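*Asks:* for reference, the sequence and a predicted model appear below.
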Amino acid sequence: QQQVKQSPQSLIVQKGGIPIINCAYENTAFDYFPWYQQFPGKGPALLIAIRPDVSEKKEGRFTISFNKSAKQFSLHIMDSQPGDSATYFCAATITQGGSEKLVFGKGTKLTVNP
Amino acid sequence: KAGVTQTPRYLIKTRGQQVTLSCSPISGHRSVSWYQQTPGQGLQFLFEYFSETQRNKGNFPGRFSGRQFSNSRSEMNVSTLELGDSALYLCASSSGHNNSPLHFGNGTRLTVT
């Protein structure tokens, strides 16, 4: 199964809240899990990434939690700001035919109200 | 360093026509990947080129094709356009090494009428 299931589809929080976006996968061959952030009219941009041998990674206000046994990972945004309003995609990398392929979740549209 | 450049930004075509989209990667990047983005299906992988060779291919019909030139610039072609091909087409470049981050362009918005 080369799918990454992402939830929720949309999320609205107040400024200062902690939105949490969850992703799950089945294929244990996935070996790298990046998150991308996309603003309207722009391409996705890498936000943060984690390898499956690490349970948590923080970069600024963004934290990835990774549960290898449950095959789940999540993004937490601390002290969220209106400028964080964007669509967030989780992804997973799989190696095929000697090269990597990135499989994306379907995205979460986050709105942070002032 | 200039980012990934995609041209044109917008295209309107008629069913049955063909279209060519262009992508200039970040200088020094040898890998170019193409993705189709739609509201219903999200981001779907089309193909990846590395040093002028297609290294990987997604599950799209043969109407979708691509190529990469010696300067790493890439083109994507869609023939016999269908209404369902309307989407944002994104190009991403990377060094091509394991787990190297993808750098996306801002896409070409294709509308098929």
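*Replies:* Alright, I've got the coordinates. Predicted model only: the values in this text are computed from it and were never measured.
*Asks:* could you find the closest non-adjacent residue to the residue of chain B found nearest chain A?
*Replies:* Going by CB to the nearest CB, chain A is nearest to B:Phe104 of chain B, at 3.1 Å. Where C-beta positions appear, they are placed from N, C-alpha and C, glycine not excepted. Distances taken as CB to CB, 6 or more residues apart in numbering or on different chains put A:Gly43 closest to B:Phe104, at 3.1 Å, once the chain neighbours are dropped.
*Asks:* now do the helices in chain A.
*Replies:* Taking DSSP state H as the test, none of chain A falls into helices.
*Asks:* which secondary structure elements does the lowest-mean-pLDDT helix or strand in it contact?
*Replies:* Ranking every helix and strand in chain A by mean pLDDT, DSSP states H and E puts strand A:99-104 at the bottom, with a mean of 84. In terms of contacts (3 or more CB pairs under 8 Å, 6 or more residues apart in numbering or on different chains; DSSP states H and E), strand A:99-104 is packed against strand A:86-96, strand B:42-50, strand B:53-57.
*Asks:* who touches the helix or strand that the last one is followed by?
*Replies:* Read it as strand B:53-57. Toward the C-terminal end, the helix or strand that comes next after strand B:53-57 (DSSP states H and E) is strand B:64-68. For strand B:64-68, the surrounding residues in contact (CB atoms under 8 Å, 6 or more residues apart in numbering or on different chains) are B:32, B:34, B:46-47, B:49-54, B:74-79.
*Asks:* still on that earlier bit, residues contacting the residue nearest to B:Phe104?
*Replies:* B:4, B:90, B:92, B:104-107.
*Asks:* quick check: residues of chain A near chain B?
*Replies:* Within chain A, the positions near chain B by CB under 8 Å from any CB of the partner chain are A:31-32, A:34, A:36, A:41-46, A:49, A:51, A:89, A:93, A:95-107.
*Asks:* again, only this time at 6 Å
*Replies:* A:32, A:42-44, A:46, A:96-97, A:99, A:101, A:104, A:106-107 (CB under 6 Å from any CB of the partner chain).
*Asks:* identify the farthest-apart pair in those.
*Replies:* Taking CB to CB, the two most distant members of the residues of chain A next to chain B are A:Lys42 and A:Gly97; they sit 30.1 Å apart.
*Asks:* for A:Phe89, which non-adjacent residue is spatially closest?
*Replies:* A:Phe89 sits nearest to A:Tyr36 (CB to CB, 6+ apart), 4.5 Å away.
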